[in-house]
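Undergrad: I would like the atomic coordinates for the input below:
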Amino acid sequence: MRKTEEKKMDVAEIRMLRSTSGGTRKDRIRNDYIRGSTKVVEISKKVQEGSLRWNGHLMRRDEDHIGRHTMEMEVQGRRRRGRPRKRWRDCVRVDLQEKGIDDAEAQNRKRWKWLISNSDLI
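TA: Coordinates of the predicted model:
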C-alpha cells in the first residue's frame, strides 16, 4: 500500500470515528483523543497485521508450494534506472523489523498471531 493510500484511509477513518462520536472538525478535538475514546487502532496497523498474517501462512506452507516458491524467487535481469520499486516482501520485511519478529517464529501459529496483533485499545 502506498503512503498516499494509507494517509487517505487514515483520514477517512478519523472522519468516520469523529462522526460516530458526535464531534465535528470545528470542535478541534485531537485525533489521538478521538481514537482513545473510541478504543480503535489505526486502520493502517490493521492492514499491516493482515499482511503479516498472510506472510505467516505462506511461511508455514511446504517448500514446494507455488505461493512460497513465488514469494522467494529471484527474477533474472536488470531493473530500470532509479529507485527500485517497493515490493510486498520489502514491506513485510520492514514490518517484521518494526515489531522485532523473525520469519522463523511463524511456525508456531498461536505465538505468531499474538506477536503480529495490533489489538484494539480495550
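
Undergrad: Packing partners of the helix or strand containing K113?
TA: Here K113 sits within helix 109-116, counting by DSSP states H and E. Other elements packing on helix 109-116 under the criterion 3 or more CB pairs under 8 Å, 6 or more residues apart in numbering; DSSP states H and E are helix 43-60. Just so you know, the C-beta spots here come from the backbone N, C-alpha and C atoms, and that holds for glycine as well.

Undergrad: what about the helix it packs on, average pLDDT?
TA: On average, the pLDDT along helix 43-60 is 91.

Undergrad: And that helix, what's buried?
TA: By 16 or more other CB atoms under 10 Å, the buried positions in helix 43-60 come out as 44, 47-49, 52, 55-56, 58.

Undergrad: For R111, give its distance to S117.
TA: 11 Å (CB to CB, to the nearest Å).

Undergrad: Kindly report the same for K7.
TA: Separation of K7 from S117 (CB to CB): 23 Å.

Undergrad: Report the secondary structure state of N118.
TA: coil (DSSP: H, G, I helix; E, B strand; the rest coil).

Undergrad: need the contact list for G100.
TA: By CB atoms under 8 Å, 6 or more residues apart in numbering, G100 lies in contact with nothing.

Undergrad: Now do it against H57, distance only.
TA: 20 Å.

Undergrad: Quick check: nearest residue in space to the residue sitting nearest the centre point of the chain, chain neighbours excluded?
TA: Central residue of the chain (CA atoms, centre = their mean): Q48, 0.9 Å from the mean position. Of all residues not flanking Q48 in the chain, D95 sits nearest, at 5.3 Å (CB to CB, 6 or more residues apart in numbering).

Undergrad: try R18
TA: I34 (5.7 Å).

Undergrad: hang on, that neighbour packs against S21?
TA: Yes - between I34 and S21 a contact is recorded at 6.0 Å, counting by CB atoms under 8 Å.

Undergrad: Many thanks, we can stop here.
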